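Asker: sharing a model prediction with you, sequence too.
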Amino acid sequence: MAMEDAIQDKQKRLEKLRGEIHYHNYRYHVLDSPVISDYEYDRLLAELVQIEKEHPEWVTPDSPTQRAGAAPAERFTKVEHPAPILSLGNAFDEGGVREWFERIARLEASVTQADFIVEPKIDGLTVVLHYREGKFVLGATRGDGEVGEDITPNLRTVRAVPLSIPISQGGPQPPELLVVRGEVFITLKDFAALNVRLEEAGEKTYLNPRNTAAGSLRQLDPAITASRPLTLLTYDIIATNGRIPATHSALLTYLGELGFPVVESVHCRSLDDALRVYAGWRDGRDRIPYEADGVVIKLNSIGLANALGVVGKDPRGAIAFKFPAREVTTRLLGIGVNVGRTGVLTPYAILEPVNIGGVIVKQATLHNFDYIQEKDIRIADRVAVKRAGDVIPYVIGPILEARTGAETVFTPPQICPACGQAVEHFTGEVAWYCVNAACPAQLIRNVEHFVSRGAMDIVGLGIKIVEQLVAVGLVHDVADLYSLKMGDLLDLEGFAEKKAENLLQSIAASKSQPLQRVITALGIRGVGEVVAANLARRYRDLGELSQATLGELQTLSGIGPNIAQAIVDWFARPANQRVLAKLHAAGVWPVAQPVAAEGAGPQPLAGQTFVITGTLSGFTREEAKDFIEAHGGKVTDSVSKKTSYLVVGENPGSKLDKAKASGVPILDEDALRSLVG
Ligand code: IVH
């Protein structure tokens with residue numbers, strides 16, 4: 001009986017956890033207003049994972065643990081849509097919108113009295129989401145509008161896609177069948193961050209958010225989709241056996257109440273009103289957090305829109321009013337090369353200045369040297385350039401028809417343009433690197449990062465001052481900032497006493513920044529604010545972190561083999577050790593309170609001592625040691641009465657006999673792994 005009670009309690013806990021995780025996920029990804037920390041969220045998820053591991057029979061497809069779970073597929077299967085997934089007619093100016101209005105008013109006179117909903121037209125990918133009894137059961141691409149492709153496992157990984165509706169208790173009861181239409185996309189901020197990460201890792205950057213979202217959704221391996229920052233906004237119901245609201249505004253409210261992220265919308269009393277809203281969004285386009293290529297003006301009355309019907313694939317009741325193009329052509333005057341903080345060389349286009357949507361553009365990114373070659377971009381070419389939001393403008397490619405024969409092929413530099421040392425290429429990466437630790441360009445970027453807001457937050461130390469400090473030889477590494485004196489600064493151009501005093505004060509104040517900020521400030525490849533926070537939870541200070549092993553680092557959340565390697569490499573470099581020693585001497589040495597069990601994950605081997613013998617197949621000896629230590633255990637060399645377990649591989653030595661003789665339990669690799677669950 002007690003046993004049954006315990007099982008029932010566990011099942012109740014599982015349900016509660018699922019509900020809570022769905023809810024916090026919704027607060028984070030849909031409402032953008034989390035009420036618990038990432039850490040607390042991870043704890044809830046870890047608890048659920050543990051219960052599901054003990055009871056695999058309780059796993060259901062809508063469990064939050066299933067977002068990243070599915071195995072790669074061989075191909076996508078076709079899905080017939082329950083109703084056509086329609087497209088939209090376009091208007092490019094006000095005249096076009098008025099013509100549309102007059103056309104439909106001739107068909108239905110009540111249009112002249114109609115009200116409208118105006119929404120941004122998101123430049124993403126249409127998805128069709130099927131719910132049965134409130135559970136997400138199928139997700140498809142638009143395809144040709146009649147038949148799409150089944151990308152359910154990929155869509156499950158998109159955190160903004162509700163797996164179960166309604167999200168909050170008290171939400172409306174979902175109908176038995178509900179098919180919702182929305183747009184999957186990547187925000188401009190996430191896109192920029194993704195490219196920074198890739199560039200720092202020496203990998204290829206993506207061209208634009210839409211192509212990246214499209215490529216990510218059509219991956220056969222959902223784990224790849226899961227690694228991309230995709231999100232969703234919904235705006236329509238394609239099919240249901242429940243009620244359909246009478247107006248589009250009520251439909252959007254209903255989707256929101258069920259827990260879907262819903263596109264922003266403005267209710268307009270007249271067409272003139274809608275045109276004003278269009279102009280507002282067009283002028284404030286850079287404030288829209290994603291790429292929008294226009295607005296959609298929709299009749300608010302769903303009955304009226306249905307009565308008007310469809311022309312071809314375009315419903316008469318709505319129209320897309322496009323924003324002016326932000327793609328222009330101009331001449332490529334030359335190609336410059338930047339040196340980044342990690343030494344990556346990045347080419348950029350020097351352009352004949354051109355106005356793109358109200359901004360004069362003189363430079364644009366060319367991504368990497370392979371891109372220039374693949375697109376056959378030549379100096380003096382006429383090139384197409386695109387600008388979107390805050391994303392750096394980029395060169396789309398050459399206009400081949402405009403070639404005169406005077407264009408020249410660009411040769412990537414063999415030496416660093418900043419320090420003149422030979423550049424290097426690492427296997428598996430597209431980037432070329434300047435590996436000179438003393439390269440002034442890298443140093444400037446390094447210092448710029450060190451003092452930035454998310455790192456040491458040294459106010460008043462802008463890029464111009466950093467350049468001056470490096471140029472006059474006052475700063476050879478980030479630690480030199482802490483030995484700057486009043487006299488040094490007063491010798492610089494533009495420095496009066498007050499300014500120098502303020503700067504010295506903010507440098508001194510930065511000494512009390514917490515460990516996680518100092519780790520961020522070091523600028524280790526792949527170690528941004530989140531990873532730094534995890535490291536600061538695990539290690540007391542930079543000294544302890546500098547001793548961390550590869551295996552140990554990989555047990556921390558958010559750290560894979562590449563980042564772990566980058567951390568180990570960073571601390572192994574003598575130049576960096578010198579910087580650490582200088583920071584220590586300057587008093588920049590925060591001590592954190594490590595919460596071993598938090599950052600390090602569970603410590604099931606705590607208090608147990610292991611000895612390893614023979615050749616293991618899944619681990620090197622060092623890795624097995626790291627694995628045991630990362631889970632709280634200790635590893636010693638010889639079997640004694642203190643040994644808790646002997647781990648045995650192929651061709652064990654005499655330790656095995658000794659363990660047998662003294663009754664020490666013997667484990668193989670699998671048994672070792674199962675000890676930690
Ligand atoms: S309504 C019948 N609303 O734009 C309804 N579409 O060029 C037709 N899109 O394929 C679509 N944002 O993928 C609608 N707020 C929005 C939209 C939107 C983006 C896309 C959609 C459609 C394309 C039409």
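Answerer: Alright, I've got the coordinates. Numbering: from 1, shown residues only.
Asker: and the lengthiest helix in the chain, what does it pack against?
Answerer: Longest helix in the chain by number of residues, with DSSP state H as the criterion: helix 2-29. Counting contacts by 3 or more Cβ pairs under 8 Å, 6 or more residues apart in numbering; DSSP states H and E, helix 2-29 is packed against helix 38-54. Yep, even glycine has a C-beta here, placed from its N, CA and C like the rest.
Asker: mind listing what's buried in the helix it packs on?
Answerer: When neighbours are counted by 16 or more other Cβ atoms under 10 Å, the buried residues of helix 38-54 are found to be 41-42, 44-45, 48, 51-52.
Asker: what about Phe450, neighbour count?
Answerer: The tally of other residues near Phe450 (other Cβ atoms under 10 Å) stands at 24.
Asker: and it, how far from Leu492?
Answerer: Taken as Cβ to Cβ, to the nearest Å, the spacing of Phe450 relative to Leu492 amounts to 19 Å.
Asker: what do you get for Lys386?
Answerer: Lys386 sits 40 Å away from Leu492, taking Cβ to Cβ as the criterion.
Asker: hmm, back to that, just the buried residues of helix 38-54 now: which is nearest Val361?
Answerer: Distance from Val361 was checked for each of the buried residues of helix 38-54 by Cβ to Cβ. The minimum falls on Tyr41, at 40.5 Å.
Asker: the closest one against Glu20, yeah?
Answerer: No - with contact defined as Cβ atoms under 8 Å, Tyr41 and Glu20 do not form a contacting pair (9.3 Å).
Asker: coming back round to it: which of the buried residues of helix 38-54 has the weakest pLDDT?
Answerer: Between the buried residues of helix 38-54, the one the model trusts least by pLDDT is Asp42, at 76.
Asker: what's near enough to touch it?
Answerer: With Cβ atoms under 8 Å, 6 or more residues apart in numbering as the criterion, the residues that contact Asp42 are Ser557.
Asker: quick one: the strands in the stretch 351-500 of the chain, in order.
Answerer: Counting by DSSP state E, counting those that start in this stretch, the stretch 351-500 of the chain forms strands over residues 359-365, 378-379, 382-388, 391-398, 408-409, 423-425, 432-434, given from the N-terminal end onward.
Asker: partners of the second one, with directions?
Answerer: This points to strand 378-379. The strands that strand 378-379 pairs with in its sheet are strand 408-409 (antiparallel) (by DSSP bridges).
Asker: what sits up against the strand it pairs with?
Answerer: Applying Cβ under 8 Å, 6+ apart, the set of residues contacting strand 408-409 from outside is 378-380.
Asker: swap in stretch 92-104?
Answerer: Stretch 92-104 is touched from outside by 89-91, 111, 271, 274-275, 278, 297, 299, 308, 316-317, 319, 321-322, with contacts defined as Cβ under 8 Å, 6+ apart.
Asker: so is that stretch next to the ligand?
Answerer: No - judged by Cβ under 6 Å from any ligand atom, stretch 92-104 and the ligand are separated, with a smallest distance of 13.0 Å.
Asker: for that stretch, buried residues please.
Answerer: By neighbour count on 16+ other Cβ under 10 Å, the buried set for stretch 92-104 is 97, 100-101, 104.
Asker: among those residues, which ones are in helices?
Answerer: Residues of those located in helices (DSSP H): 97, 100-101, 104.
Asker: now, which of those sits nearest Ile36?
Answerer: Proximity to Ile36 was ranked across these by Cβ to Cβ; first place goes to Val97, at 45.2 Å.
Asker: list buried residues within the contacts of strand 408-409.
Answerer: Applying 16+ other Cβ under 10 Å to these flags 378-380 as buried.
Asker: ok, these vs the ligand, which is closest?
Answerer: Proximity of the buried ones among the contacts of strand 408-409 to the ligand (Cβ to the nearest ligand atom) peaks at Arg378, which lies at 34.3 Å.
Asker: isn't that closest one up against Gly405?
Answerer: No - Arg378 sits out of contact with Gly405 when judged by Cβ under 8 Å, with a separation of 10.4 Å.
Asker: could I get the pLDDT score of the closest residue to Leu469 other than its chain neighbours?
Answerer: Distances taken as Cβ to Cβ, 6 or more residues apart in numbering place Val475 nearest to Leu469, at 4.2 Å, with adjacent residues excluded. As summarised for this prediction, Val475 has a pLDDT of 95.
Asker: same check, this time on Ala438
Answerer: 77.
Asker: picking up where we left off before, for PyMOL, what selects the buried ones among the contacts of stretch 92-104?
Answerer: Per 16+ other Cβ under 10 Å, the buried members of the contacts of stretch 92-104 correspond to this PyMOL selection:
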select buried, resi 89+91+111+271+274+275+278+297+299+308+316+317+319+321+322
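Asker: tell me which of the contacts of stretch 92-104 fall in strands.
Answerer: For the contacts of stretch 92-104, the ones inside strands are 89-91, 297, 299, 319, 321-322, with DSSP state E as the criterion.
Asker: which members of these are the farthest-apart pair?
Answerer: Leu299 and Lys322 (18.9 Å).
Asker: from Arg387, how far out is the residue lying closest to Pro324 once chain neighbours are set aside?
Answerer: Taking Cβ to Cβ, 6+ apart as the measure, Pro324 lies nearest to Gly357, with 6.3 Å between them; neighbours along the chain are not counted. Distance, Gly357 to Arg387, using Cβ to Cβ: 6 Å.
Asker: and the residue of the stretch 401-550 of the chain that's closest to the ligand?
Answerer: When Cβ to the nearest ligand atom is the measure, the stretch 401-550 of the chain has its nearest residue to the ligand at Glu401, with 27.7 Å between them.
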